[in-house]
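1. Sequence and computational prediction follow.
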Amino acid sequence: MQLKKLIVTQSSLRPVQRKMRRQQRSKKLSTKIYQMTSRSVQLKGEVTQLEKGLSALAKAPAEMDKIILEEKEEYTKAKEEMEAGIKGVQLALKVLRDRYAKADKAHVSDEGGGAGIIGLLEVVESDFSKGLVEMTPTEESAQATYDQETKDNELEKLPKNMTLNTRRKKRLALTKQLQKLHPTNRAFRRSWMLCWSI
């Protein structure tokens, strides 16, 4: 009789034990879903931040190109004006020297004024030449800075692109796993219902 009672007791405990195991599996599954969802949201945030950073890096060269082009145009215009100014002053100096260097000294009274004008024009020519010489290294320095910034942007972009692609792949894999575990999935619903039924 006791054996019969024991068998009855064990057989009546089996459905309860089965239900408890199913409930434990259900809790584990729910926890797994929540963890995966949390990780997916975290990856989405990381992807968004990386995309913003890459967007800013993509805009920077366009802005730098615009600035360097404007500076180049200003430099070219200023250089042409300086060279034209130097040529004009040199031509004026030649004309004045030729006029005052003639053998006939008919304009001896004007010689002092001519020397003053020639001296003044030589100072102007010197200033123009000095300005032209100073402009060139400044432009070369700006171009070198631009080239370095462009290289730095490219070097910064490469790892961000790789990280972005990795994060997107991980998020896609998590999304696929979550779809398998999602309550709308038939296999998931069946296992979920078995967890709660005896």
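-> Cool, got the structure.
2. From now on I want contacts and neighbour counts done on CA atoms only, so please keep to that.
-> Fine.
3. so what secondary structure elements neighbour the host helix or strand of residue 152?
-> In this assignment (DSSP states H and E), residue 152 forms part of helix 111-181. In terms of contacts (3 or more C-alpha pairs under 8 Å, 6 or more residues apart in numbering; DSSP states H and E), helix 111-181 is packed against helix 2-100.
4. For the helix it packs on, give the mean pLDDT please.
-> The average pLDDT within helix 2-100 is 80.
5. before we move on, what about stretch 123-142?
-> Stretch 123-142 shows a mean pLDDT of 85.
6. quick check: angle from the helix holding residue 152 to helix 2-100?
-> Helix 111-181 and helix 2-100 are oriented at 170 degrees to each other (axes from the mean of the first three to the mean of the last three C-alpha atoms, to 10 degrees).
7. mind listing what the residue nearest in space to the middle of the chain touches?
-> What sits nearest the mean C-alpha location of the chain, by C-alpha atoms, centre = their mean, is residue 57, with 1.3 Å. When contacts are counted by C-alpha atoms under 8 Å, 6 or more residues apart in numbering, residue 57 touches 153, 157.
8. Swap in 10 Å and give it another go.
-> 51, 150, 153, 154, 156, 157 (C-alpha atoms under 10 Å, 6 or more residues apart in numbering).
9. Check residue 142 too.
-> Under the criterion of C-alpha under 10 Å, 6+ apart, the contact list for residue 142 reads 68, 71, 72, 148.
10. Can you select the buried ones from those in ChimeraX?
-> Taking 16 or more other C-alpha atoms under 10 Å as the burial criterion, the selection of buried members of the contacts of residue 142 in ChimeraX is written as:
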select :68
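11. can you put the contacts of residue 142 in JSON lines and add distance to residue 119?
-> Formatted as JSON lines, the entries for the contacts of residue 142 read as follows, by distance: C-alpha to C-alpha, whole Å:
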{"residue": "68", "distance to residue 119": "38"}
{"residue": "71", "distance to residue 119": "34"}
{"residue": "72", "distance to residue 119": "34"}
{"residue": "148", "distance to residue 119": "44"}
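12. And the contacts of residue 142, which is closest to residue 32?
-> If you rank the contacts of residue 142 by distance to residue 32 using C-alpha to C-alpha, residue 148 comes first, at 47.8 Å.
13. measure that closest one to residue 155 for me?
-> 11 Å (C-alpha to C-alpha, to the nearest Å).
14. now do residue 44
-> For residue 44, the distance to residue 155 equals 24 Å [C-alpha to C-alpha].
15. These two - which one has more neighbours?
-> Relative neighbour count places residue 44 above the other of residue 44 and residue 155, with 16 against 11, counting by other C-alpha atoms under 10 Å.
16. Can you tell me the closest non-neighbouring residue to that one?
-> Of all residues beyond its chain neighbours, the one nearest residue 44 is residue 171 (7.2 Å), with distances taken as C-alpha to C-alpha, 6 or more residues apart in numbering.
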